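Colleague: Below is the sequence, then the predicted model.
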Amino acid sequence: MPYCSQCGNQVGADDGFCARCGARQPVGAAPPRRGPDALAGINPRTASILCYVPGIGWIASIIVLASDRFRHDRAVRFHAFQGLYLFVVWLMEDWVVKPLFSMIPHLHIHPVIEAGLLAISIFMMVKASHEEAYPLPVLGELAQKSVAEN
């Protein structure tokens with residue numbers, strides 16, 4: 001079954017317009033498929049939420065960005081890029097901040113930053129579940145630029 005060229009929603013082969021966004025669908029033969037799409041059964045909302053799961057969201061983000069299913073879905077791609085950038089912040093906190101502040105015995109900033117990042121991840125999963133493309137400071141701007149470049 002083909003997908004909308006604008007939002008990625010499933011459309012019928014004979015549909016002239018998408019039922020979700022109303023975008024006109026290209027007429028003619030569908031492009032050849034390269035095989036079964038592993039993400040055919042996943043909806044955009046679920047894909048967006050998975051991009052923010054702490055620890056493994058980066059894997060979902062890469063899969064979403066590499067898939068044909070969400071190639072033209074700007075909202076899902078935004079969440080995938082922002083999820084990747086949030087993962088980079090997690091890595092910087094773990095590899096830079098944690099060792100740096102572990103030398104100071106009574107300054108426990110690492111757990112506070114880690115709790116903040118966990119709260120941001122949960123907040124973004126809630127926003128993605130409501131299908132809101134909420135841009136985080138700095139990371140959201142980078143994600144918007146990344147989506148615009150593709």
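Modeller: Arrived safely, thanks for sending. Numbers count the residues shown, from 1 in each chain.
Colleague: wait, what's in contact with the residue lying closest to Val89 once chain neighbours are set aside?
Modeller: Among residues not flanking Val89 along the chain, Leu117 sits closest, at 6.6 Å (C-beta to C-beta, 6 or more residues apart in numbering). Where you see a C-beta, it was placed from the backbone N, CA and C, and this is true even at glycine. The contact partners of Leu117, taken as C-beta atoms under 8 Å, 6 or more residues apart in numbering, are 54, 86, 89-90, 93.
Colleague: which one of the residues you listed sits closest to Ser48?
Modeller: Leu86 (12.9 Å; C-beta to C-beta).
Colleague: how far away is that closest one from Arg77?
Modeller: Computed as C-beta to C-beta, to the nearest Å, the Leu86 to Arg77 distance reads 15 Å.
Colleague: Next secondary structure after the helix or strand of the chain at the bottom of the mean pLDDT ranking?
Modeller: One helix or strand of the chain scores below all others by mean pLDDT, DSSP states H and E: helix 98-102, with a mean of 87. Heading C-terminal from helix 98-102, the first helix or strand you meet, by DSSP states H and E, is helix 109-129.
Colleague: What residues of that following helix count as buried?
Modeller: Residues of helix 109-129 classed as buried: 110, 113-114, 117, 120-121, 124-125, 127-128 (neighbour count, 16 or more other C-beta atoms under 10 Å).
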